[in-house]
Structures are given as structure tokens and as C-alpha cells.
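Peer 1: From the sequence below, what's the structure:
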Amino acid sequence: MQNDPTASMTDEQRLAWLEAQAEQAHDKMYDATHSTDAAARYSDAKDRMSDAIALAGRLGQHATVTRLEARLAHIKAVFRSQFR
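Peer 2: Reported below is the predicted structural model:
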């Protein structure tokens with residue numbers, strides 16, 4: 001069983017961590033040498049951002065949900081225009 005890096009975090013810390021992981025995966029899309037690598041990083045970014053959106057929603061952080069949804073839409077648009 002893998003060690004959960006977020007196990008000892010508060011919800012707010014976990015939210016920040018998820019967003020940072022999404023952004024890191026997004027950045028790695030540009031470093032990918034093959035389309036399958038870019039697609040994997042894109043999937044990671046979407047998953048982490050979706051997790052962050054869900055957590056922000058559970059925390060009642062509606063402005064954060066809106067901001068993260070907009071960022072996710074941007075990440076999707078970038079992938080579709082540059083990596084497909």
C-alpha cells in the first residue's frame with residue numbers, strides 16, 4: 001500500500017497540494033517527447049484539478065471552484081489545440 005502524501009494535511013493544505021500537482025502535470029505536458037507522454041500528463045492534470053474542484057466544493061469555497069473550473073477549461077483547451 002502506498003503512503004498517502006496528503007494524509008497529515010488539513011483540507012486547505014490538501015487543496016493547495018492538489019492544485020500544485022495539477023499545475024506541475026500541466027507544465028510537464030510541454031516537456032513530453034511523445035504524444036502518449038503528453039496525454040498521460042494531461043490526464044494527471046485533469047484528475048488532480050478535478051479532485052481539487054471537488055474538495056473546494058465540499059469546503060464551500062465557491063469562488064475557488066469557479067477559479068479552478070476556469071483553469072481546468074484552459075488546460076483542456078491548451079491540450080486540444082497543441083497536443084492532438
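
Peer 1: Okay, now the unreliable bits of this structure?
Peer 2: For the chain, residues meeting the criterion pLDDT under 70 lie at 1-2, 84.

Peer 1: In it, what residue spans correspond to helices?
Peer 2: Using DSSP state H, the helices of the chain run over residues 11-29, 35-58, 62-82.

Peer 1: Which positions in the second one come out as buried?
Peer 2: Meaning helix 35-58. Buried residues in helix 35-58, counted by 16 or more other Cβ atoms under 10 Å: 38, 41-42, 44-46, 48-49, 51-53, 55-56. In short, each C-beta sits where N, CA and C put it, glycine included.

Peer 1: ok and it relative to helix 11-29, angle-wise?
Peer 2: Going by axes from the mean of the first three to the mean of the last three Cα atoms, to 10 degrees, helix 35-58 is angled at 160 degrees with respect to helix 11-29.

Peer 1: now helix 35-58: how far from the chain's centre is it?
Peer 2: Put simply, helix 35-58 sits 4 Å off its chain's centre (Cα atoms, centre = their mean, to the nearest Å).

Peer 1: can you check the shortest one too?
Peer 2: Averaged C-alpha coordinates place helix 11-29 at 5 Å from its chain's average position (Cα atoms, centre = their mean).

Peer 1: what's the angle from it to helix 62-82?
Peer 2: Angle between the axes of helix 11-29 and helix 62-82 is 10 degrees (criterion: the same axes, to 10 degrees).
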